[in-house]
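**Q** can't give you the sequence, but here's the structure:
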RNA sequence: GCCGAUGUAGCCCAACCAGGCAGAGGCGCUUGUCUUAGAAACAAGAGGUUGAGAGUUCGAAUCUCUCCAUCGGCACCA
């Protein structure tokens, strides 16, 4: 150990040492408890950004902590190396996607190593390698065998910018998940995965992970799956033998139905309209709806409700009443049955629709009150209440105007009416989901080819397992025309049918990259397996994942898909558990100040490094100037670090300036992990200052630590200062350990700073220290260094070595310190005394002082007596160790 | 619009779960020591209607209710 702290030198030294000794390389070990710590694998865009640094610093802190507690810790990393940017680079700059990707991986691997993240690098995987994606294809075939994969022509979400299909999850909110371009609908033949078969399990199994996942992620998944319980009802179409089935969650409102409304793409519609004189009008309307739908709409914009009467009539199965059949633009084809019964009195959308087309409104639910008559309802009102009702009444209540069902409460009526419908054969209880099947075809080159062959005589034939992987060709035409680039590669496309041997064509779509990430962390457990995606026993040893860490943006994409994939793997016997991740932690974004100038409506952003900030005496930014020209720039809000806001900070530069340990330390300290983190360079200075301070203590005391007694000297030999230090040490151990378990890294680090401050208060000098002093100092410094290891491993190793321990922290049987409860307790407390709730005095007492003693001491206190004199003490409240409150009158 | 989270010193945050002195830690600011000066280091200090209001309680940042603000998710899902 040098006298001065040189981060770069120390970090290189220990990174080399770790790699040489393979200290993070793990195998199954029956002797030790195991722990699987996982961070979301990065897309190899070329450069690590601060969000990555945060993600991996969190995982690394946890991994080190668990290792020091004696766990066998699996901490792997890999690359989500298929996907758009590589192909965009190919289109724009003509580079080879593979070469581009692999260069990026090499660079980013170097960055991760420079950060000193403790991965088992032997387990590194990359999705774009045939060794990996052959198993994507294998899973595809297994799903196909089980009927979980099918091909269908359907309207799909299309990103016009990326020229490819997106899944529903990837186009949530009507925009592309990558580029935020509004998506349009397009009719395409696509491969789908029947994730909807697992909808109920995906919901139900949430009870297994409720404890370990953030509530908001589960809520988001629940909303996305969108289970809804209701009923199907068949309406006969008059003068035909056809029926239209509707889905409703409010069967209790059926007597209020004034129409049936079909989606424009309802399957029976053309058949029903075949002989109608209104057919041309209806067809024109349908065409209009389609056209509107294929336009990209402003996300969130509400479309005006429109409809057209088909002239058809339907019969209400409950009342026998005849109601018109409409087609409406607001009815979704893909949800429920693509048809609804319109009950304007009790549904906002139907109400709006009825208002627009002046359809009758009939109230059939009245609010429940304790009065004899339902309130808010006048039975004398006419059948049509479109004038009286100002808005739909959507609450549950009591049925009115509903024939024999009148008087029943909604709740009971819904059950009984569904039962009745079932009995009479015109309906049944039903459950529908908002979740749709997962469209996985992508019209892209840089992905795993779909292992299917189109044969003119045999139809669609799966590639035999023995022929996997279907390898990507090295080149294709990257023209971004919306057609799969693989179409342009004859040697890829042309093949022979595995069944009949005739000339056939390969499928030219590739798989959604979310397929790759659905099972990658199982592969880490057995990364080089040639015969299977992984060995069951190896996976069952490590998995499920104990702690998963990543961004909340994957709450409903990756995290839903991977839960589904896990259940499928269970169903084909690969594993025996249902939920892949026991504990999930979602980290906040890294945000930074933005600076810009606006000219002609266009903002030009400047990097914080180019800007000089002026603050007032309270530290608030008052103005900012561009260093280059000295002229003012606008100070913008904090935003996620990005290219477009030009507020990114390069981790490499930070590491060069402050060292990896200080960067990691700051990023964990600056905010709770789930909060957004405001990047402020001054904060790293603080982290570096702290590390230097600790390092200086270690340097000064290293010999005293080495020569300190191994066994605690007699209690009586400790000075007051040494006792105080020991108290702080053990209190810090308690706090750091407790907070680490909860992933509260910021408070852990604060506790370490306190311990270091306490050490600074320790009056003894290394030269003059007694045995007891040296013991207390060693205890404090060794605990401090060990507890610092998860956050700043390099400097900790260096100091640990400085204390005379050979071979690295993980070499021996070094363990996380354990707090002595007795020592962690304070010897004497200062207890506030309140008079009528206001602080008036303080008394001193030991922690175990009895209530009685505290009461007496407080009442006898001079200051207290001044307040109680001449008044009557009504009550004395004593909270042991905390406070005495005297109520006087 | 619906659901959820958050709101504490100039800033990041702790204390909230389980009511008890409003402050652990860091940044920034002020002053001092040191220094030719600055930086660093060390020492000291200032800074508050805990978003607003009401309720419960001897006592509320903490529990309950209402409102406001910010952020996130969903948004014709029948």
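**A** Noted; the coordinates are in hand. Predicted, not measured: the structure shown is a model, and the values here were computed from it. Residues are numbered from 1 along each chain as shown, chains lettered A, B, ... in the order given.
**Q** how far away is residue A:546 from RNA strand B?
**A** Going from residue A:546 to RNA strand B by Cβ to the nearest atom of the strand, to the nearest Å gives 21 Å. C-beta: built from backbone N, CA, C; applies to glycine.
**Q** cool, residue A:594 as well?
**A** 14 Å.
**Q** for that residue, give me its contacts.
**A** Taking Cβ atoms under 8 Å, 6 or more residues apart in numbering, we find residue A:594 in contact with A:605, A:635-639, A:645-647.
**Q** could you dump those residues to JSON lines with secondary structure, pLDDT and distance to RNA strand B?
**A** Below are the contacts of residue A:594 laid out as JSON lines (DSSP: H, G, I helix; E, B strand; the rest coil; pLDDT from 0 to 100; distance: Cβ to the nearest atom of the strand, whole Å):
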{"residue": "A:605", "secondary structure": "strand", "pLDDT": "81", "distance to RNA strand B": "18"}
{"residue": "A:635", "secondary structure": "strand", "pLDDT": "75", "distance to RNA strand B": "13"}
{"residue": "A:636", "secondary structure": "strand", "pLDDT": "74", "distance to RNA strand B": "13"}
{"residue": "A:637", "secondary structure": "strand", "pLDDT": "72", "distance to RNA strand B": "8"}
{"residue": "A:638", "secondary structure": "strand", "pLDDT": "76", "distance to RNA strand B": "9"}
{"residue": "A:639", "secondary structure": "strand", "pLDDT": "78", "distance to RNA strand B": "9"}
{"residue": "A:645", "secondary structure": "coil", "pLDDT": "77", "distance to RNA strand B": "13"}
{"residue": "A:646", "secondary structure": "coil", "pLDDT": "80", "distance to RNA strand B": "19"}
{"residue": "A:647", "secondary structure": "coil", "pLDDT": "80", "distance to RNA strand B": "15"}
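**Q** out of these, who's nearest residue A:453?
**A** Taking Cβ to Cβ as the measure, residue A:453 lies nearest residue A:645 of the contacts of residue A:594, at 46.9 Å.
**Q** shouldn't the closest one be in contact with residue A:639?
**A** Yes: using Cβ atoms under 8 Å, residue A:645 is in contact with residue A:639, at 4.8 Å.
**Q** surely residue A:81 is within a strand?
**A** No: per DSSP: H, G, I helix; E, B strand; the rest coil, residue A:81 lies outside any strand segment and is coil.
**Q** so it touches residue A:43, yeah?
**A** Yes: counting by Cβ under 8 Å, residue A:81 touches residue A:43, with 7.5 Å between them.
**Q** now do the contacts for the closest residue to RNA strand B within the stretch 51-200 of chain A.
**A** Closest approach between the stretch 51-200 of chain A and RNA strand B, counting by Cβ to the nearest atom of the strand: residue A:172, at 3.4 Å. Residue A:172 makes contact with A:224, A:556, according to Cβ under 8 Å, 6+ apart.
**Q** let me have the contacts of residue A:594 in JSON lines, extended by distance to residue A:58.
**A** Shown next, in JSON lines, are the contacts of residue A:594 (distance: Cβ to Cβ, whole Å):
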{"residue": "A:605", "distance to residue A:58": "29"}
{"residue": "A:635", "distance to residue A:58": "30"}
{"residue": "A:636", "distance to residue A:58": "28"}
{"residue": "A:637", "distance to residue A:58": "25"}
{"residue": "A:638", "distance to residue A:58": "21"}
{"residue": "A:639", "distance to residue A:58": "22"}
{"residue": "A:645", "distance to residue A:58": "24"}
{"residue": "A:646", "distance to residue A:58": "26"}
{"residue": "A:647", "distance to residue A:58": "22"}
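**Q** quickly list what residue A:442 is bridged to.
**A** Counting by DSSP bridges, residue A:442 is bridged to residue A:510.
**Q** so what's the residue count around residue A:325?
**A** 23 (other Cβ atoms under 10 Å).
**Q** thought it was touching residue A:307?
**A** No: between residue A:325 and residue A:307 there is no contact under Cβ under 8 Å: 10.4 Å.
**Q** now the common contact residues for the two.
**A** Jointly contacting residue A:325 and residue A:307 under the rule Cβ under 8 Å, 6+ apart are residue A:261.
**Q** return the nearest residue of the stretch 401-550 of chain A with respect to RNA strand B.
**A** residue A:434 (3.6 Å).
**Q** mind listing what that residue touches?
**A** Neighbouring residues of residue A:434 by Cβ under 8 Å, 6+ apart: A:223-228, A:335.
**Q** tell me which element it is part of?
**A** Using DSSP states H and E, residue A:434 sits within no helix or strand.
**Q** report pLDDT for residue A:236.
**A** Predicted confidence (pLDDT) for residue A:236: 94.
**Q** any idea how many residues pack against the closest residue to residue A:64 other than its chain neighbours?
**A** Spatial nearest neighbour of residue A:64, excluding adjacent residues (Cβ to Cβ, 6 or more residues apart in numbering): residue A:790 at 4.0 Å. Residue A:790: 28 surrounding residues under other Cβ under 10 Å.
**Q** I'd say residue A:790 and residue A:61 touch.
**A** Yes: the criterion here is Cβ under 8 Å, and residue A:790 meets it with residue A:61 at 3.9 Å.
**Q** can you tell me how far residue A:487 is from residue A:722?
**A** Using Cβ to Cβ, to the nearest Å, residue A:487 is found at 78 Å from residue A:722.
**Q** out of these two, name the residue with the larger neighbour count.
**A** residue A:722 (24 against 18).
**Q** give me the nearest residue to residue A:604, chain neighbours excluded.
**A** residue A:597 (5.2 Å).
**Q** wait, what's in contact with that neighbour?
**A** Shown in contact with residue A:597 (Cβ under 8 Å, 6+ apart): A:603-604, A:606, A:633-634.
**Q** confirm it sits in a helix?
**A** No: counting by three-state DSSP, one finds residue A:597 to be strand, located in no helix.
**Q** and the pLDDT for it?
**A** Residue A:597 is given a pLDDT of 81.
**Q** quick one: it and residue A:629, what's the gap?
**A** Residue A:597 is 10 Å from residue A:629, where distance means Cβ to Cβ.
**Q** got it, and residue A:444?
**A** From residue A:444 to residue A:629 the distance is 44 Å (Cβ to Cβ).
**Q** neighbour count winner among these two?
**A** Per other Cβ under 10 Å, whichever of residue A:444 and residue A:629 has more neighbours is residue A:444, with 27 against 8.
**Q** ok, now which ones touch the more buried one?
**A** Residue A:444 neighbours (Cβ under 8 Å, 6+ apart): A:84, A:87, A:164, A:484-485, A:509-510.
**Q** returning to what we had before: which one's more surrounded, residue A:645 and residue A:639?
**A** Taking neighbours as other Cβ under 10 Å, residue A:645 and residue A:639 compare with residue A:645 leading, 21 against 15.
**Q** residue contacts, the more buried one?
**A** Counting by Cβ under 8 Å, 6+ apart, residue A:645 makes contact with A:594, A:605, A:636, A:639.
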